[in-house]
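J.: sequence below, structure please.
(2 chains)
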Amino acid sequence: MAVRKYRWYHYAIALAILAAGWEVLARALDVAAFPRLGAALSSFIEGVRPGGELVEHFLASTYRVLASTVISLALGVPLGLYLGRSGGPIGAVLVYLTYPVPKVVFLPVIMVLLGIGDTSKIFLITLIIFFQILVTVKDAAASVPSGLIRSVQSLGGGEWAIYRHVILPATLPAIFTALRLSTGTAIAVLFFAETYATRTGLGSFVWDALSRLAYDTMFAGVMAMALMGFGFYVLLDATERLLCPWAEAQR
Amino acid sequence: MMITARHVSYAYKETVALRDVSFDLPMGETLAVVGPSGCGKTTLLSLLAGLLPVTSGAIAVGGAPVQPRRPGTALILQDYGLLPWKTVRENVALGLRIRGLKPDGADRALREVGLADLAGRWPHQLSGGQKQRVAIARSLALEPDLLLMDEPFSALDALTREEMQELLLSIWRKRKTSLVLVTHSIPEAVYLGQQILVLTARPGRVAGLFRNPAVGDRRAAAFHEMVNRVRDALERGVNGGA
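T.: Numbering: from 1, shown residues only, chains lettered A, B, ... in the order given. Next up is the predicted model:
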């Protein structure tokens, strides 16, 4: 469960493997739709220069993913903790009935109700990753060892103390696992949500480049998306080390 | 009287766990409860802590009918119950925090069990005996007048076990906290219990209630004599002769 600490050369080696794989594949395929690494990279560097257009799209997308994640956490964690600890079977059935519903089908409704701006995109992403967080947290909260709960009760603790001192900290590593999973999902949904009715965001950038058959530019956008996801993972790892020091010491 | 138990019985659904158990524990004294496994020793402790309601009979603790979450009662569970995400100091301070008190007593309690140096460690970095000391310190921090312990040393090796018994005895001599200790070890009961309550196999009834003059002296002749008396009572209780 503990997060390992990465060194700079871990990143360097992983990047080298990725770059080599890309280049080998690009040369082997030799099609316009899959450009050489150098071409995509120069397009990327072009885009991220001061005033480059990638920066603006990157920030728009990051804002949407970040906002969705924060809202999903704020709603999913308390509700998941409650359902896992105190929720009855009806709550569980409700979750399992609604979790598999493809939320993307609500996009038209969301756009009618919330417009085509940031709000509707954030709402759609939130709707999807909220459930990932909810289900993970609920199951983790339900499987907390009962001995620890008895231990807090034996010290005179009531329900609040049990949540505060046992359920929440016991569930914290699972919350981080849920966040790692939902970061990938959020970016995938973001791409979908940004492909129409907007001119901002990496999804829109990639889609626009694709329609112009500007493949170098398109892959520059894809790189930016990967970079955004990577940034979230690094941030999550650092936060987990900060909030779960006991897991760090267990290594 | 710290505890007055009169004709206490407890049944869960069809199963009778305890039947007609009576004893008195004067203020500041110790009582050891021994019996075969499944005789309702732990049930008795839960009744004394107010975590379970008696089916019939009556228990008074500190002069009042037993109630859950009595501030002066501290219960130490078999598996230590330390929270892995709290340091030793925070585990010891937990009871104080839950009661909305300042955690000042935590360090004093840790010194009392000889663990002041390990206050910053995590529970998984401790040995079994050290974890047990933390669990004791956590209860002591609450300044209890009644300490209830459920087979506290059963998971420890023989040497650590005797060390912990001596520690407990010295704490008791200093604090004069009333103490009820459930154990399946006869020598432990005789080493620590001024009174020894022997229970029969399930349903647990009183197979013997002894005054023990040999507390704290493993080498005395009276100690071995008491061990034998308790063993006789225990065997009669197991064989259903009682």
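J.: which residue is the nearest non-sequential neighbour of A:Thr195?
T.: Take A:Thr195 and drop its neighbours on the chain: the residue closest to it by CB to CB, 6 or more residues apart in numbering or on different chains is A:Trp207, 4.7 Å away. All C-beta spots, glycine's among them, are computed from the backbone N, C-alpha and C.
J.: so the one you found is in which element?
T.: In the assignment (DSSP states H and E), A:Trp207 maps to helix A:202-211.
J.: would you mark the buried spots in that helix?
T.: The neighbour-count check on helix A:202-211 (16 or more other CB atoms under 10 Å in any protein chain shown) flags A:Leu202, A:Gly203, A:Ser204, A:Phe205, A:Val206, A:Trp207, A:Asp208, A:Ala209 as buried.
J.: go ahead and confirm the fifth one touches A:Ala214.
T.: No. Using CB atoms under 8 Å, A:Val206 makes no contact with A:Ala214, being 10.1 Å away.
J.: got the phi and psi for the residue of chain A found nearest chain B?
T.: Nearest residue of chain A to chain B, counting by CB to the nearest CB: A:Ser151, 2.6 Å away. Dihedral angles of A:Ser151 (phi, psi; degrees, to the nearest 10) stand at phi -60, psi -40.
J.: show me what contacts it?
T.: B:Leu77, B:Tyr80, B:Gly81, B:Leu82, B:Leu83 (CB atoms under 8 Å, 6 or more residues apart in numbering or on different chains).
J.: repeat that with 7 Å
T.: B:Leu77, B:Gly81 (CB atoms under 7 Å, 6 or more residues apart in numbering or on different chains).
J.: and it, how far from A:Val234?
T.: Per CB to CB, to the nearest Å, A:Ser151 is found 36 Å from A:Val234.
J.: so the residue nearest the centre of chain B bridges to which residues?
T.: Nearest residue to the geometric centre of chain B (CA atoms, centre = their mean): B:Met149, 2.2 Å. B:Met149 forms beta bridges with B:Ile76, B:Leu181, as assigned by DSSP bridges.
J.: state the number of residues packed around B:Gly28.
T.: 15 (other CB atoms under 10 Å in any protein chain shown).
J.: spatially nearest residue to it (excluding sequence neighbours)?
T.: Nearest one to B:Gly28, counting by CB to CB, 6+ apart, is B:Lys176 at 4.1 Å.
J.: what is the burial count for that neighbour?
T.: Neighbour tally, B:Lys176, other CB under 10 Å: 12.
J.: apart from its neighbours in sequence, what residue is nearest A:Thr136?
T.: A:Ala178 (3.7 Å).
J.: residue ranges with poor pLDDT in the chain?
T.: Picked chain A for this. A:1-4, A:249-251 (pLDDT under 70).
J.: let's do chain B instead
T.: B:240-242.
J.: hang on, the earlier thing: got the angle for the helix or strand containing the residue nearest to A:Thr136 vs helix A:202-211?
T.: According to DSSP H and E, A:Ala178 maps onto helix A:168-193. Interaxial angle, helix A:168-193 versus helix A:202-211 (axes from the mean of the first three to the mean of the last three CA atoms, to 10 degrees): 30 degrees.
J.: packing partners of helix A:168-193?
T.: Contact partners of helix A:168-193 among helices and strands, from 3 or more CB pairs under 7 Å, 6 or more residues apart in numbering or on different chains; DSSP states H and E: helix A:53-85, helix A:118-142, helix A:202-211, helix A:215-243.
J.: most tightly packed of the ones you listed?
T.: helix A:118-142 (a mean of 22; mean count of other CB atoms under 10 Å in any protein chain shown).
J.: which elements pack onto that helix?
T.: Against helix A:118-142 (3+ CB pairs under 7 Å, 6+ apart) you get helix A:53-85, helix A:89-98, helix A:107-114, helix A:168-193.
J.: adding distance to B:Val215, write those helices out as CSV.
T.: Shown next, in CSV, are the helices and strands packed on helix A:118-142 (distance: least, CB to CB, whole Å):
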stretch, distance to B:Val215
helix A:53-85, 44
helix A:89-98, 52
helix A:107-114, 74
helix A:168-193, 40
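J.: and chain A, which of its residues are near chain B?
T.: A:147-148, A:150-151, A:154-157, A:161, A:165-166, A:169, A:246, A:249-250 (CB under 7 Å from any CB of the partner chain).
J.: stretch B:56-74: how far from the chain's middle?
T.: With CA atoms, centre = their mean, to the nearest Å as the basis, stretch B:56-74 stands 15 Å off its chain's centre.
J.: whoops, I mixed them up, stretch A:87-101
T.: So, by CA atoms, centre = their mean, the centroid of stretch A:87-101 is 23 Å from its chain's centroid.
J.: list the buried residues in it.
T.: Within stretch A:87-101, the residues that count as buried by 16+ other CB under 10 Å are A:Gly87, A:Ala92, A:Val95.
J.: just to revisit the earlier point, can you say which of the helices and strands packed on helix A:168-193 is nearest to A:Ile13?
T.: With CB to CB as the criterion, A:Ile13 lies closest to helix A:215-243 of these, at 14.9 Å.
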